[in-house]
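**Student:** would you be able to build a 3D model of this:
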Amino acid sequence: MKRLTSAYNEALAAEKAGNRDEAAALYRICLEIDPADTCGASVRLASMGLGDAPAKAPDAYVATLFDQHAEVFDDILTGDLGYAVPMHLAEILHRDPDLHFARMLDLGCGTGLSGMTLGDLCDHATGVDISEKMVDMADERAVYDALFVNEVVHFLEEWEKAEGDDYVPFDLIVATDVLPYIGALEPLFAGVAANTNPGACFAFSAETLADEDFGGKSWRVTPNQRFAHAADYLKLLLGEHGFGRVTSFDPITVRSEQGAPIPGWLVVAWKD
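**Tutor:** A predicted model of the protein is given here:
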């Protein structure tokens with residue numbers, strides 16, 4: 001562990017100093033020491049354009065990242081970073097006074113911000129997050145009827161395998177600040193489609209880039225080590241997975257990063 005910490009800190013210092021090749025070599029050493037990639041070295045290499053982009057951020061990296069920040073997460077996200085996606089989504093869904101859902105699934109529930117803002121629209125709310133400490137924080141808020149520690153795509157795959165009365169699909173699936181940690185979204189959208197009733201709502205946020213910055217690709221790793229998605233890619237996946245009625249596809253500022261606004265989308269779509 002000391003060797004990994006040393007190599008990673010040296011890599012960060014080299015990257016900050018502009019020594020890209022040295023940083024890349026050190027990040028590759030991190031991957032050799034820790035193939036699970038707790039440090040997120042693969043994402044950093046991709047963000048520098050010096051490595052292939054992984055299909056998603058490594059599970060070990062995401063879990064560690066959010067475990068480390070769980071206790072101060074709300075202050076950082078809503079205060080320092082100006083994150084208000086759950087509030088924006090709640091405003092959209094509350095425009096219809098007759099809208100109500102039997103069962104909600106909050107993917108990447110974090111400390112429960114979406115549960116707090118959307119709970120009154122649902123009879124039953126389930127939250128899932130890869131970070132155990134985040135789930136503990138959400139549990140303290142008592143806004144979910146059930147909570148699970150799991151990676152979101154794996155959770156959807158496991159939920160689909162339940163049989164008989166043990167399988168209950170959802171009427172609303174929310175994924176705020178989840179897509180920025182996943183590149184290839186096909187497994188996520190397939191899991192959402194497989195675990196929703198006809199007429200269900202799928203609401204999510206995504207980060208994006210200027211069209212020319214995608215270089216013809218559907219998604220890319222950003223300089224901030226997250227994943228950005230092109231609007232056409234998101235619309236294509238929605239159509240392919242049966243969410244043909246899109247009532248909101250709004251450009252938003254997802255968050256701030258070092259004082260700069262990060263552009264993105266807030267999407268509300270309905271299953272055919």
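
**Student:** now do the contacts for the residue lying closest to residue 50 once chain neighbours are set aside.
**Tutor:** Excluding its sequence neighbours, the residue lying closest to residue 50 (C-beta to C-beta, 6 or more residues apart in numbering) is residue 24, at 4.4 Å. All C-beta atoms are positioned from the backbone trio N, CA, C, and that covers glycine. Residues in contact with residue 24 (C-beta atoms under 8 Å, 6 or more residues apart in numbering) are 45, 48, 50, 51.

**Student:** neighbour-wise, give me the winner out of the residues you listed.
**Tutor:** Highest neighbour count within these: residue 45, with 23 neighbours (other C-beta atoms under 10 Å).

**Student:** for that one, what is the enclosing helix or strand?
**Tutor:** Using DSSP states H and E, residue 45 sits in helix 41-47.

**Student:** using CSV, list the CA coordinates for that helix.
**Tutor:** Extracted C-alpha coordinates of helix 41-47, given in CSV (Å, rounded to 0.1, in the frame of the first residue of the first chain):
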residue,chain,number,x,y,z
ALA,A,41,-5.2,5.6,-12.6
SER,A,42,-6.9,4.3,-15.7
VAL,A,43,-9.3,7.2,-15.8
ARG,A,44,-6.5,9.7,-15.3
LEU,A,45,-4.5,8.2,-18.1
ALA,A,46,-7.6,8.4,-20.4
SER,A,47,-8.3,12.0,-19.3
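
**Student:** the helix or strand just after that helix packs against which elements?
**Tutor:** Per DSSP H and E, the first helix or strand lying C-terminal to helix 41-47 is helix 59-69. For helix 59-69, the packing partners by 3 or more C-beta pairs under 8 Å, 6 or more residues apart in numbering; DSSP states H and E come out as helix 132-141.

**Student:** just checking, next helix/strand downstream of the helix it packs on?
**Tutor:** Per DSSP H and E, the first helix or strand lying C-terminal to helix 132-141 is strand 146-149.

**Student:** buried set for that following strand?
**Tutor:** Using 16 or more other C-beta atoms under 10 Å as the test for burial, strand 146-149 gives 147, 148.

**Student:** by contact count, what packs against the helix or strand residue 9 falls within?
**Tutor:** For residue 9, the host element (DSSP H and E) is helix 2-16. Applying 3+ C-beta pairs under 8 Å, 6+ apart, we find helix 2-16 packed against helix 20-33, helix 41-47.

**Student:** just name the most buried of those.
**Tutor:** Compared across the helices and strands packed on helix 2-16, helix 41-47 shows the largest average neighbour count, a mean of 23 (mean count of other C-beta atoms under 10 Å).

**Student:** now that one: mean pLDDT?
**Tutor:** Mean pLDDT, helix 41-47: 94.

**Student:** now do stretch 102-122
**Tutor:** Stretch 102-122 comes out at a mean pLDDT of 95.

**Student:** can I get it in PDB, CA atoms only?
**Tutor:** Only the C-alpha atoms of stretch 102-122 are listed here, as PDB (Å, rounded to 0.1, in the frame of the first residue of the first chain):
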ATOM      1  CA  ALA A 102     -45.800   3.100  -6.600                       C
ATOM      2  CA  ARG A 103     -42.100   2.200  -6.400                       C
ATOM      3  CA  MET A 104     -39.000   4.300  -7.000                       C
ATOM      4  CA  LEU A 105     -35.400   3.100  -7.400                       C
ATOM      5  CA  ASP A 106     -32.700   5.700  -6.700                       C
ATOM      6  CA  LEU A 107     -29.500   4.500  -8.400                       C
ATOM      7  CA  GLY A 108     -26.400   6.000  -6.800                       C
ATOM      8  CA  CYS A 109     -28.500   7.300  -4.000                       C
ATOM      9  CA  GLY A 110     -25.500   8.800  -2.100                       C
ATOM     10  CA  THR A 111     -26.700  10.500   1.100                       C
ATOM     11  CA  GLY A 112     -30.300  10.600  -0.100                       C
ATOM     12  CA  LEU A 113     -30.700  13.900  -1.700                       C
ATOM     13  CA  SER A 114     -33.100  12.500  -4.400                       C
ATOM     14  CA  GLY A 115     -34.900  10.500  -1.800                       C
ATOM     15  CA  MET A 116     -35.600  13.700   0.200                       C
ATOM     16  CA  THR A 117     -36.800  15.700  -2.800                       C
ATOM     17  CA  LEU A 118     -38.900  12.900  -4.500                       C
ATOM     18  CA  GLY A 119     -40.100  10.800  -1.700                       C
ATOM     19  CA  ASP A 120     -43.500  12.400  -1.500                       C
ATOM     20  CA  LEU A 121     -44.100  11.200  -5.100                       C
ATOM     21  CA  CYS A 122     -43.700   7.500  -4.200                       C
END
